[in-house]
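Q: after the sequence you'll find the predicted model.
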Amino acid sequence: MNRRFTDRRQLLKGAALGAAAIAAPQVLISRKTRAAETLAVRDPGGPFTKAFSEAYYKPFSEKYGVEVVGVTSKHEATAEIVAQVETGTFQYDVTILGEQSHNTLAGGGFLDPIGLDDVAAVQEIPAEFKHPTMVGNDVYATVLAYRTDAKLPKEPTSWADLWDVEGMPGRRGMRNYPFDTIEIGLLGGAGVPADKVYPCDFDKAYEALGKVRPAVDVWWTGGAQTSQLLATGEVDICQAWNGRAQAAIDGGAPVKIAWGKALWGFEGWCLLKGNPKNDLGRKFIAFAAEAQNQANFTPYVAYGPTNPGAYKFIDPKRAEILTTNPKYFADMVAINSDFWGPIKDKAVERWKNWMLG
């Protein structure tokens, strides 16, 4: 397991307690009079738009009299953030980022420190989900999702089933990006043990991916796309983020999730370097760290909260399908963002060349 979750028992304990008790910019405000200040917050769209609105945007607006504007953009936003910082023209003030993207931007000096170490709610979040320029919001997993009406010979249980084209026929979907997909190639196609995935052997991964590539019908580029693909039945088996797969399930689609050797990582709140509204952004981040507010996020996106106390406020049935449920989490593989950080650009370039080849 990755060194970032050495104290994961704290979060698992919270999950057990709960089991016992997301495109254009839009204004999200319920006040009768126009707020004196505005704060633009970036989200990746799909179910996140509704989740952030109900859990953070609306209650923050009501509490502080600040008009919160939700700005939806593509999932991989590093290039647009760099452009905003370099030009001093900010489309948004607070952004949610995955840890890999955070590491790239922080290493380049494009993010401002968060501070807030003396804020109780931030203190409650384990160190594994925080950086000086990031406060974790949710724990996600990359899983294998499948349609139960696809008449598969058996239920998929692991990444190896994605490679079993003859024994597990069906339309396949995979992510058009090296993050997660390289690991899946090693785990499912090359049979590499979970504790030997890092450092990734790219030659071995691409050899494995080359074998399944002819059977992949859709190479998706955004999380919302996977929800749609699964909901409409355009794919039968698909690599997806669990929250996006769960969105299809919650919408009534006949979809299930195979949790075997799922990859987990986390997303968190960040501030763009030099943004004049960063103090207001810090107030928002502190608000989003509170246990009750994080709990209010989970009915809309099935990602585990980073504040363990949130489980005290989550419906037990919902707690059962969150990523930090010990039933699944014990068998997951931690994404090593430290490995990806220094090699991201080269890895992405090699991936693009492979897709073109």
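A: It's in.
Q: with only the CA atoms kept, save the strand or helix carrying residue 182 in PDB.
A: Assigned by DSSP states H and E, residue 182 belongs to helix 178-184. Taking Å, rounded to 0.1, in the frame of the first residue of the first chain, the C-alpha atoms of helix 178-184 are listed here in PDB:
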ATOM      1  CA  PRO A 178      -2.300   6.900 -18.800                       C
ATOM      2  CA  PHE A 179      -3.200   7.500 -15.100                       C
ATOM      3  CA  ASP A 180      -4.900   4.400 -13.700                       C
ATOM      4  CA  THR A 181      -5.000   2.800 -17.200                       C
ATOM      5  CA  ILE A 182      -1.300   1.900 -17.000                       C
ATOM      6  CA  GLU A 183      -1.800   0.300 -13.500                       C
ATOM      7  CA  ILE A 184      -4.900  -1.600 -14.800                       C
END
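Q: doesn't residue 347 belong to a helix?
A: Yes - under DSSP: H, G, I helix; E, B strand; the rest coil, residue 347 sits within a helix.
Q: how near is the closest residue to it other than its chain neighbours to residue 222?
A: Of all residues not flanking residue 347 in the chain, residue 178 sits nearest, at 4.8 Å (CB to CB, 6 or more residues apart in numbering). No exception for glycine: its C-beta is placed from N, CA and C like everyone else's. To residue 222, residue 178 is 16 Å away according to CB to CB, to the nearest Å.
Q: you'd agree the residue nearest to residue 347 is up against residue 353?
A: No - using CB atoms under 8 Å, residue 178 makes no contact with residue 353, being 11.1 Å away.
Q: who's more crowded, these two?
A: Ranked by neighbour count (other CB atoms under 10 Å), residue 178 and residue 353 place residue 178 first, with 26 against 9.
Q: please list all residues in contact with that one.
A: The contact partners of residue 178, by CB atoms under 8 Å, 6 or more residues apart in numbering, come to 347, 348, 350, 351.
Q: check what pLDDT the residue lying closest to residue 123 once chain neighbours are set aside gets.
A: Closest residue in space to residue 123, ignoring its immediate chain neighbours: residue 117 at 7.2 Å, by CB to CB, 6+ apart. Looking at residue 117, its pLDDT stands at 91.
Q: please apply the same query to residue 105.
A: You'll see residue 105 listed with a pLDDT of 93.
Q: name the element it belongs to?
A: helix 99-107.
Q: show me the contact partners of the very next helix or strand once past that helix.
A: Using DSSP H and E, the helix or strand that follows helix 99-107 in sequence is strand 111-112. Applying CB under 8 Å, 6+ apart, the contact partners of strand 111-112 are 102, 105, 133, 134, 270, 271, 272, 273, 274, 275, 278.
Q: verify the stated contact: the fifth one with residue 136.
A: Looking back up the chat, that one is residue 270. No - look at residue 270 against residue 136 with CB under 8 Å: they stay out of range, at 10.6 Å.
Q: buried set for the helix or strand following the helix holding residue 182?
A: Toward the C-terminal end, the helix or strand that comes next after helix 178-184 (DSSP H and E) is helix 202-212. The neighbour-count check on helix 202-212 (16 or more other CB atoms under 10 Å) flags 202, 204, 205, 206, 208, 209, 212 as buried.
Q: ok, which pair from the residues you listed is furthest apart?
A: Spatial extent of those (CB to CB) is set by the pair 202 and 212 at 16.0 Å.
Q: please list all residues in contact with residue 171.
A: Contacts of residue 171 (CB under 8 Å, 6+ apart): 217, 218, 234, 235, 236, 237.
Q: top of the residues you listed by neighbour count?
A: Going by other CB under 10 Å, residue 237 tops the contacts of residue 171 with 27 neighbours.
Q: can you count the residues close to the residue lying closest to that residue once chain neighbours are set aside?
A: Of all residues not flanking residue 237 in the chain, residue 146 sits nearest, at 4.7 Å (CB to CB, 6+ apart). Per other CB under 10 Å, the neighbour tally for residue 146 reads 27.
Q: residue 146 reaches residue 254, doesn't it?
A: No - at 9.6 Å, residue 146 does not count as touching residue 254 under the criterion of CB under 8 Å.
Q: sorry, back to before: let me have the contacts of residue 171 in JSON lines, extended by distance to residue 97.
A: Below are the contacts of residue 171 laid out as JSON lines (distance: CB to CB, whole Å):
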{"residue": "217", "distance to residue 97": "30"}
{"residue": "218", "distance to residue 97": "25"}
{"residue": "234", "distance to residue 97": "29"}
{"residue": "235", "distance to residue 97": "27"}
{"residue": "236", "distance to residue 97": "31"}
{"residue": "237", "distance to residue 97": "29"}
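Q: keep only those of those residues that are in strands.
A: Among these, the ones falling in strands (DSSP state E) are 217, 218, 237.
Q: for the first one, give its distance to residue 229.
A: Shown here: residue 217 relative to residue 229, a distance of 9 Å by CB to CB.
Q: shared neighbours of the two, anything?
A: Jointly contacting residue 217 and residue 229 under the rule CB under 8 Å, 6+ apart are 173, 235.
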